[in-house]
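Peer 1: heads up, no residue letters with this:
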Ligand SMILES: C[S@@+](CC[C@H](N)C(=O)[O-])C[C@H]1O[C@@H](n2cnc3c(N)ncnc32)[C@H](O)[C@@H]1O
């Protein structure tokens with residue numbers, strides 16, 4: 001999808017662009033290669049390690065590449081504090097990076113056995129250890145259901161609370177064993193992915209950050225500027241779809257009901273009706289791209 005991202009995102013080679021999810025700097029590098037020497041890129045990431053890695057990797061662009069360690073929910077202030085009031089294009093490539101999944105000290109993955117953590121931003125207090133060991137059974141069940149769409153949410157929550165009454169659940173491996181104990185050993189991976197995803201979303205408040213980040217992105221885009229979002233699961237995509245639909249609407253609605261005096265000025269136009277999806281070939285090259293959906297819009 002790299003080529004599609006670049007051609008949708010970049011409309012003016014001398015503009016100011018924002019990579020709101022800098023990660024390992026892969027997209028950032030391609031964007032910088034496409035910009036001319038007057039173009040600028042601001043790279044944001046909540047993870048300080050990502051900022052360090054990308055700064056190092058892209059050091060040759062240092063006069064036109066600015067990094068910001070922040071959550072994209074603060075996108076407008078992060079930009080204005082650095083003297084950028086508008087942007088010609090903003091990219092969100094959501095979720096966690098391969099680096100974060102593979103880096104064992106970050107405690108994201110059910111495939112290894114590390115301390116439960118899952119914070120993108122190590123400066124925040126709430127981590128996965130606290131969620132798993134302190135949340136009530138009801139809150140856990142609700143979390144697994146809402147953020148993981150896990151059918152056995154209640155049974156998994158019950159098993160966690162039962163197990164932690166004996167001793168704290170400290171590692172990803174211990175948590176994975178509890179989930180396996182509930183869902184059985186035949187097809188555990190989907191349930192493991194759903195439960196771990198739910199905890200990660202809670203720890204990083206991912207869905208609310210996304211709502212706020214998208215709203216601010218639409219506001220700071222210059223007329224004709226582009227917003228490109230790649231999401232990896234249905235909860236994210238639903239939020240993107242809704243934010244785009246609301247900003248593109250010429251009438252205000254509450255659910256399916258039209259509100260009185262409903263006429264509003266649309267703020268964006270959608271560049272595609274249906275999201276673009278990863279091809280089978282791309283998934284074979286990069287299995288983590290499975291299920292990725294790309295949506296794009298242009299500011300009016
Ligand atoms: C899928 S990776 C991005 C990979 C990047 N596009 C590349 O080409 O290397 C997502 C990155 O976004 C960051 N991230 C996720 N949610 C964030 C948020 N709310 N605010 C800031 N960064 C966030 C993660 O820390 C991670 O580094």
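Peer 2: Structure's in. What do you need? Quantities reported herein were computed from a predicted structural model and do not represent experimental measurements.

Peer 1: ok, longest helix in this structure?
Peer 2: Among the elements of type helix in the chain, defined by DSSP state H, the one spanning the most residues is helix 188-204.

Peer 1: what angle separates the following helix or strand past that one from helix 188-204?
Peer 2: Along the chain past helix 188-204, the next helix or strand (assigned with DSSP states H and E) turns out to be helix 206-220. Angle of helix 206-220 versus helix 188-204, following axes from the mean of the first three to the mean of the last three CA atoms, to 10 degrees, is 60 degrees.

Peer 1: is helix 206-220 in proximity to the ligand?
Peer 2: Yes. Contact of helix 206-220 with the ligand is found when judged by CB under 6 Å from any ligand atom, involving residue 209. Yep, even glycine has a C-beta here, placed from its N, CA and C like the rest.

Peer 1: what does that helix contact?
Peer 2: The set of residues external to helix 206-220 that reach it, using CB atoms under 8 Å, 6 or more residues apart in numbering, is 18, 20, 71-76, 79, 85-87, 90, 92, 94, 147, 200-201, 227, 229, 235-236, 239-240, 243, 247, 267-268, 297, 299.

Peer 1: ok, and of these, which contact the ligand?
Peer 2: Intersecting the contacts of helix 206-220 with the contacts of the ligand gives 71-73 (criterion: CB under 6 Å from any ligand atom).

Peer 1: now these in JSON lines, with distance to residue 61 and neighbour count?
Peer 2: Formatted as JSON lines, the entries for these read as follows, by distance: CB to CB, whole Å; neighbours: other CB atoms under 10 Å:
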{"residue": "71", "distance to residue 61": "23", "neighbour count": "21"}
{"residue": "72", "distance to residue 61": "21", "neighbour count": "25"}
{"residue": "73", "distance to residue 61": "26", "neighbour count": "21"}
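
Peer 1: in the longest helix of the chain, what counts as buried?
Peer 2: For helix 188-204, burial by neighbour count (16 or more other CB atoms under 10 Å) applies to 188, 191-192, 194-204.

Peer 1: so which of the contacts of helix 206-220 belong to strands?
Peer 2: 18, 87, 90, 92, 227, 229, 268, 297, 299 (DSSP state E).

Peer 1: those: which two are farthest apart?
Peer 2: Across those, the longest distance by CB to CB is 15.8 Å; it joins 18 and 268.

Peer 1: those two: which has the busier surroundings?
Peer 2: Neighbours of residue 18 and residue 268, each counted by other CB atoms under 10 Å, are more numerous for residue 18; the result is 31 against 22.

Peer 1: can you tell me how far the more buried one sits from the ligand?
Peer 2: 11 Å (CB to the nearest ligand atom, to the nearest Å).

Peer 1: report pLDDT for that residue.
Peer 2: If you check residue 18, the pLDDT there is 98.

Peer 1: tally of neighbours for the residue lying closest to it once chain neighbours are set aside?
Peer 2: Distance criterion CB to CB, 6 or more residues apart in numbering; nearest residue to residue 18, sequence neighbours excluded, is residue 90 at 4.4 Å. Neighbour count of residue 90, defined by other CB under 10 Å: 29.
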